[in-house]
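[1] Need coordinates for the following:
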Amino acid sequence: MKKINLAITGCLGKMGQKLIQSSKNNKNFKLVSLTENRRVSKKIYGICIELNTANAFKKANVIIDFTVPKCTLQVLKIASKLKKRVVIGTTGFSRREENIIKKFSRKIPILKAGNMSLGVNLLMYLTEIASKSLSDNFLSKIFEVHHKNKKDYPSGTALMLGKGIADGKNKNFYNLIGKKYLNKKIFPYGKKINFNSIRKGSIIGEHEVKFSSGKEIITLNHESFDRALYSEGALTASKWLMKKKPGLYSMRDLLNFK
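    From the prediction side, this is the model:
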């Protein structure tokens, strides 16, 4: 099998470094491009770190992007002109930015996921099933914990889970977003979905969905212990995306959850 030429953006970040490591251990990929949003005089595995430009991505078959929304949109603009596939693990997009990504997906295949972990995507699927199965007497809330350096909150995964609740009720997610708390010891259920985000230490990721009727509580949760979960998931997504036509895909499409 011919190897897939891979470009990794944000290569000096935590996920960028983990992606590099995972790609070098995966026989399906050849690392051809590494980029950052600033000039860096450094080589990794003999590859010069470049800025996000058409020249940097011209040899790539697929680009994996775990950066920030502004950078992701810049990468998509270049990728759409070059007809390159893009796997997006970046989180924190606004509603407007989400719509821009949809427009780019009309030109190129894009797989976007707030979390690349198999377990988390199974959790989202189970969340949707639970939400659909439970009556409106059950209120819900979402709790998540990440390392102290994570800037956006709620996390992309927490928002994914919130969408799972909304989809289960066949309702618009944006209309169900409730209050967003940061570093609260306790937080309430509400008629809308409330979120509480904890930022501390070096925790990779913990997510919990709770449904309560006032008489009983149902809890679904997931804990991550190694970022390789996400980098290996992103590589699986990249390989899968190679056979796809332009469109916006998710890990749910890859895992074939109905």
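[2] what residues are up against Ile88?
    Ile88 sits next to Asp65, Thr72, Ile101, Ile110, Leu111, Lys112, Ala113 when contact means Cβ atoms under 8 Å, 6 or more residues apart in numbering. Where C-beta positions appear, they are placed from N, C-alpha and C, glycine not excepted.
[3] Specify the beta-bridge partners of it.
    Asp65, Lys112 (DSSP bridges).
[4] Report pLDDT for it.
    At Ile88, the predicted lDDT confidence score is 98.
[5] Also Phe225?
    pLDDT, Phe225: 89.
[6] hey, which helix or strand in this structure has the poorest pLDDT?
    Ranked by mean pLDDT, DSSP states H and E, the weakest helix or strand in the chain is helix 251-255, scoring a mean of 91.
[7] hmm, back to that, which one of the contacts of Ile88 is nearest to Phe143?
    Ala113 (20.3 Å; Cβ to Cβ).
[8] Next up, the contacts around that closest one.
    Ile88, Gly89, Asn121, Met160, Gly233, Ala237, Ser250, Met251.
[9] go again using 7 Å as the cut-off
    Gly89, Ser250, Met251 (Cβ atoms under 7 Å, 6 or more residues apart in numbering).
[10] Skipping adjacent residues, who's closest to the residue nearest to the spatial centre of the chain in space?
    Residue closest to the average C-alpha location in the chain (Cα atoms, centre = their mean): Gly114, at 2.2 Å. Excluding the flanking residues, the one nearest Gly114 by Cβ to Cβ, 6 or more residues apart in numbering is Gly156, at 2.9 Å.
[11] now swap in Tyr181 and tell me
    Asn196 (4.3 Å).
[12] Assign the one you found to helix, strand or coil.
    At Asn196 the chain is in strand, as set by DSSP: H, G, I helix; E, B strand; the rest coil.
[13] residues touching Gly89, list them.
    Met15, Asp65, Phe66, Ala113, Met116, Tyr230, Ala234.
[14] switch to 10 Å and redo it
    By Cβ atoms under 10 Å, 6 or more residues apart in numbering, the contact set of Gly89 is 10, 15, 19, 64-67, 72, 111-116, 156, 230-231, 233-234, 237.
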